[in-house]
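I would like to see how this sequence folds:
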Amino acid sequence: MRRVSAIALLLLLALTLPFISRAQELSGYFNEQIHDFLPEYPPGSVEWDPSTGIYHATNELLQYKNASLMADSAKVNPATGEVIAEGHVRIMQAGQIWIGNHIIYNLKTHDMESSGFRTGKPPVYAEGAIVHGNVTNKTYIARYVYVTTDDVNHPAYYLRAKRMRIVPGKYIEAWNAVLYVKGVPLLYYPYFRHSLSLHANHLSVMPGDDSAFGPFVYGIYDWKLGDDVDGRFHLDYRARRGAGLGPDMNLRLGQWGNALVKYYYLHDLDPDESVSSNSFQNLPAIPKDRQRFYLGWQATPYTNLNTKALVNYQSDQLVLHDFFQSDYGQNPQPNTFVDANKFWNNWSLDVLTTPRINEFFDQVERLPELQLTGYRQPIFNTPLYYESQSSVGYYRRYFAGTDTLFGDTNFTAADYEAPRADTFHQLLLPETFFGWLNVTPRVGGRVTWYGPEHGPGGANSEATRYVLNTGADVSFKASRLWRDATNSLLDVDGLRHVIQPTLSYNFVPRPNYTPGQLPQFDTALPNLMVLPVDFPDYNDIDAIDSENVLRYGVRNTLQTMRNGQLDNLLDWNVMLDWNLTPNGRTNDVFLQPQKTFDDLYSDLVFKPRSWLALESVLRYGINDNHLNMAFHQVTFSPSDRWSWAVGHWYLHPGFVDGGDDVVTSTLFYRLNDNWGLRATHYINVETGKLQEQYYSLYRDMRSFTAAVTFRLIDNGGGQPLDWGFAFSISLKAHPRYKVGDDTIAPYEMLGQ
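Residues are numbered from 1 along each chain as shown. Here you go, the predicted model:
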């Protein structure tokens with residue numbers, strides 16, 4: 001035999017088998033995948049036998065196209081492409097790794113045979129006695145093999161089969177298979193097929209107990225039909241309330257967007273359990289057949305055309321409250337609408353309809369409403385700008401009556417309906433003085449026609465209202481930079497201060513019709529946030545009245561560099577409205593009389609460290625000297641071992657509903673690599689009661705994550721304690737929850 005250098009071998013192989021090359025080191029990805037079990041390879045050697053044309057290589061890495069092979073020794077036949085590899089053989093292609101002591105691999109056809117092999121591509125791993133397949137086609141037939149998602153030498157669970165077809169990343173098929181857990185055989189499958197995708201079909205079960213439901217079991221079967229359709233099926237049993245079931249379905253419709261469909265049905269054995277509580281004692285009887293239907297759809301079928309639809313049907317006003325607490329917490333009175341929007345450079349057209357499908361909620365129907373919006377745009381080559389908004393529609397206002405979800409209302413109202421057409425146009429003249437002062441005077445007009453009202457509450461005849469508005473916006477921005485400013489306590493490396501004062505003036509003479517003389521479809525309702533004062537941002541069309549207001553605002557931002565990136569040390573926005581001539585509303589149910597000063601509004605975010613954040617939102621009533629709303633929260637997250645968020649939520653009685661005063665705390669602590677604890681508390685400051693408690697204990701079992709969650713709610717008023725607990729387990733390869741779900745939606749840990 002003739003000995004040649006590795007470089008000479010590469011030149012010869014390049015002529016006979018294109019793209020075969022020797023690599024002195026592995027690619028970053030390859031090395032990352034197998035570095036834990038690859039030995040250190042000394043410089044390799046290659047010998048060539050001219051009589052047979054076969055190369056004998058030791059400690060060599062061969063690469064052909066996107067496949068790599070490494071072995072202690074290998075025989076390479078350039079004519080056939082066959083490689084017979086011995087000792088610590090590794091083959092890798094597209095992230096799939098094959099390991100064995102004896103592998104026959106064809107560099108041309110990618111056919112492979114091995115006796116005694118291991119293979120893996122997260123999250124699935126396999127080991128067996130014999131395998132035959134094709135690396136390119138990614139289809140393998142193996143015998144006496146087991147598969148698992150537990151990436152350790154001795155997996156906690158695995159499926160062992162006499163024969164198996166493996167298509168990495170897609171599915172496995174097994175014949176005469178047995179499922180083992182901790183070495184104990186549990187289930188036998190004459191035939192078994194399982195998807196290997198991240199959305200593979202799988203079943204999860206959550207048992208628990210609840211003061212309202214009794215013992216329960218929630219079952220979810222996740223399924224997938226190709227890349228376009230997947231979902232889950234719910235099958236639940238509550239000892240005191242009965243069985244419930246229904247599907248969820250995700251549809252990916254290509255050009256026609258994505259849709260989510262949900263349906264759930266329950267024959268409730270005790271539907272009046274919630275109504276009998278003090279919170280909902282005024283509600284009518286709840287039917288035994290309870291259900292909800294949800295459809296969410298959004299698409300962009302053509303360029304600049306957006307469509308969306310949302311359907312929320314409920315058999316009664318408490319079905320979400322009783323069985324879907326996470327959805328109820330986000331929106332207790334969900335809407336139904338269909339909307340289409342077409343936009344151009346300076347214009348957009350919206351068609352919106354909002355049919356009423358739940359008779360027990362207040363709602364305004366739009367059947368339909370068309371709205372044409374002209375975005376702010378220059379008028380030819382003049383310094384003037386123009387913007388507009390026009391709409392037309394037929395509207396119906398429905399009231400749920402005095403027996404509502406949130407208790408008795410303080411008025412009696414009847415339904416009414418009427419057509420309405422509205423058009424608004426405004427001219428603006430933006431100017432910059434001294435290179436820094438921005439001044440934008442504006443003047444606009446609005447005409448709104450109301451048809452005669454119909455229905456039990458219809459009292460107004462046809463009317464045409466005229467509104468004139470004028471005003472101006474003044475603002476500037478200034479900044480200063482201290483490059484050398486440092487502070488170890490506040491983690492400051494350089495400091496920039498940006499200040500942006502604003503002043504907005506809006507004047508509206510009293511219209512010829514006041515809100516009390518018009519039907520209220522788009523009306524002013526209590527709101528925790530500060531509403532805009534200028535048009536067209538102020539869109540409560542039917543609530544427009546005289547205005548003479550100055551809005552002061554100032555925003556301060558402190559920025560610094562942290563970890564090589566720009567970060568806000570402080571961001572503080574303050575606003576105050578001064579009503580120069582209060583409009584004196586007194587006889588309207590929906591609108592409150594204006595005061596000289598509206599609430600002082602403050603929104604603050606302070607991050608003294610990258611792991612410490614303080615948030616504060618305040619509304620302070622200057623006229624009566626009391627706090628109307630306050631939200632404060634401090635979040636500590638110094639490491640991945642623990643985090644703690646402490647907050648305070650306050651609403652003054654009468655500001656919105658009956659007020660609220662609650663301190664919240666959410667603590668997560670990882671005891672060690674296997675155990676973790678999350679505790680959430682809601683403390684009623686007024687009564688001093690621990691109103692709500694949630695505790696979750698987590699156990700990492702390598703392949704699975706298990707959690708036990710306990711909830712305790714004290715509603716007061718002599719009502720019994722509301723408690724519940726649930727046990728959940730999730731396979732890491734197919735997790736049931738997203739990261740953080742237990743924080744933003746703790747009810748999901750209880751199956752709600």
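
hey, let's count contacts and neighbours off CA atoms from now on
Fine.

ok, for W649, nearest residue in space, not its chain neighbours?
Distances taken as C-alpha to C-alpha, 6 or more residues apart in numbering place F631 nearest to W649, at 4.7 Å, with adjacent residues excluded.

tell me which element that neighbour falls in.
Taking DSSP states H and E as the criterion, F631 maps to strand 626-636.

contacts for that strand next, please.
Strand 626-636 is contacted by residues 528, 599, 611-621, 643-652, 655 when judged by C-alpha atoms under 8 Å, 6 or more residues apart in numbering.

then stretch 701-714?
Stretch 701-714 has contacts (C-alpha under 8 Å, 6+ apart) with 149-150, 156, 674, 689-700, 720-733, 749-750.

distance from the chain centre to stretch 46-63, please.
Relative to its chain's centre, stretch 46-63 lies at 56 Å (C-alpha atoms, centre = their mean, to the nearest Å).

now it: average pLDDT?
The average pLDDT for stretch 46-63 rounds to 72.

any idea how far S115 is from the residue nearest to K75 when sequence neighbours are not counted?
Leaving aside its chain neighbours, K75 sits nearest to H56 (4.7 Å; criterion: C-alpha to C-alpha, 6+ apart). Separation of H56 from S115 (C-alpha to C-alpha, to the nearest Å) stands at 21 Å.

in the stretch 301-450 of the chain, which spans are helices?
Remark: helices assigned in the stretch 301-450 of the chain by DSSP state H, counting those that start in this stretch are 319-323, 325-330.

could you do the chain as well?
With DSSP state H as the criterion, the chain has helices at 6-16, 28-34, 319-323, 325-330, 741-744.

my guess is R510 contacts S546, does it?
Yes. The criterion here is C-alpha atoms under 8 Å, and R510 meets it with S546 at 4.3 Å.

please say which of those two ends up with more neighbours.
Between R510 and S546, S546 has the larger neighbour count (other C-alpha atoms under 10 Å), namely 21 against 15.

which intervals of the stretch 151-300 of the chain have sub-threshold pLDDT?
Across the stretch 151-300 of the chain, the ranges flagged by pLDDT under 70 are 151, 168-169, 195-200, 275-282.

repeat for the stretch 551-700 of the chain
The stretch 551-700 of the chain contains residues with pLDDT under 70 at 584-592, 657-658.

where along the stretch 251-400 of the chain do the strands fall?
All strands of the stretch 251-400 of the chain, identified by DSSP state E, counting those that start in this stretch, fall at 258-267, 289-302, 305-314, 337-343, 347-353, 363-378, 385-398.

let's have the helices of the stretch 301-450 of the chain in TSV, adding mean neighbour count.
Below are the helices of the stretch 301-450 of the chain laid out as TSV (neighbours: other C-alpha atoms under 10 Å):
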stretch	mean neighbour count
helix 319-323	17
helix 325-330	16
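
least confident of those helices, on average?
Lowest mean pLDDT within the helices of the stretch 301-450 of the chain: helix 325-330, a mean of 81.

neighbours of P383, how many?
Quick note: P383 (other C-alpha under 10 Å) scores 11 neighbours.

ok, the one 4 residues further on next?
Per other C-alpha under 10 Å, the neighbour tally for E387 reads 21.

right, and T486 touches V492 too?
Yes. Using C-alpha under 8 Å, T486 is in contact with V492, at 5.0 Å.

who has more neighbours, those two?
Between T486 and V492, V492 has the larger neighbour count (other C-alpha under 10 Å), namely 19 against 14.

so where's the stretch 301-450 of the chain shaky on pLDDT?
Scanning the stretch 301-450 of the chain for pLDDT under 70 picks out the ranges 401-413.

please redo it, this time with the cut-off set to 50
Applying pLDDT under 50 to the stretch 301-450 of the chain flags the ranges 402-412.

distance of the residue nearest to G87 when sequence neighbours are not counted relative to R143?
In space, and not counting its chain neighbours, G87 is closest to N101: 4.5 Å by C-alpha to C-alpha, 6+ apart. Per C-alpha to C-alpha, N101 is found 17 Å from R143.

quick one: which of the two has more around it?
Neighbours of N101 and R143, each counted by other C-alpha under 10 Å, are more numerous for R143; the result is 21 against 17.

adding distance to D248, write the strands of the stretch 251-400 of the chain out as JSON lines.
Below are these laid out as JSON lines (distance: least, C-alpha to C-alpha, whole Å):
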{"stretch": "strand 258-267", "distance to D248": "4"}
{"stretch": "strand 289-302", "distance to D248": "9"}
{"stretch": "strand 305-314", "distance to D248": "14"}
{"stretch": "strand 337-343", "distance to D248": "20"}
{"stretch": "strand 347-353", "distance to D248": "25"}
{"stretch": "strand 363-378", "distance to D248": "27"}
{"stretch": "strand 385-398", "distance to D248": "31"}
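
what comes up buried for stretch 106-121?
Within stretch 106-121, the residues scored as buried using 16 or more other C-alpha atoms under 10 Å are 106-107, 110-121.

now those in CSV, with pLDDT and distance to S475?
CSV is the format used below for these (pLDDT from 0 to 100; distance: C-alpha to C-alpha, whole Å):
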residue, pLDDT, distance to S475
N106, 77, 73
L107, 70, 70
H110, 73, 69
D111, 78, 72
M112, 75, 72
E113, 79, 75
S114, 76, 75
S115, 75, 77
G116, 74, 75
F117, 73, 71
R118, 77, 68
T119, 75, 65
G120, 70, 61
K121, 70, 58
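
list just the nearest of those residues to L235.
Minimum distance to L235 across these is 32.7 Å, recorded for K121 (C-alpha to C-alpha).

does the residue nearest to the closest one when sequence neighbours are not counted have any beta-bridge partners, and if so which?
Distances taken as C-alpha to C-alpha, 6+ apart place Q96 nearest to K121, at 5.0 Å, with adjacent residues excluded. In this entry, Q96 is beta-bridged to Q93, by DSSP bridges.

one step back: buried ones among the contacts of stretch 701-714?
Among the contacts of stretch 701-714, those classed as buried by 16+ other C-alpha under 10 Å are 149-150, 156, 690-700, 723-733, 749-750.

just to revisit the earlier point, inside strands: which ones of the contacts of stretch 701-714?
Among the contacts of stretch 701-714, the ones falling in strands (DSSP state E) are 690-700, 722-731.

so what touches stretch 470-478?
If you take C-alpha under 8 Å, 6+ apart as the criterion, stretch 470-478 is touched by 436-444, 498-508.

residue contacts, the closest residue to W449 other than its chain neighbours?
The spatially closest residue to W449, leaving aside those adjacent along the chain, is T464, at 4.3 Å (C-alpha to C-alpha, 6+ apart). Applying C-alpha under 8 Å, 6+ apart to T464 gives the contacts V447, T448, W449, Y450.
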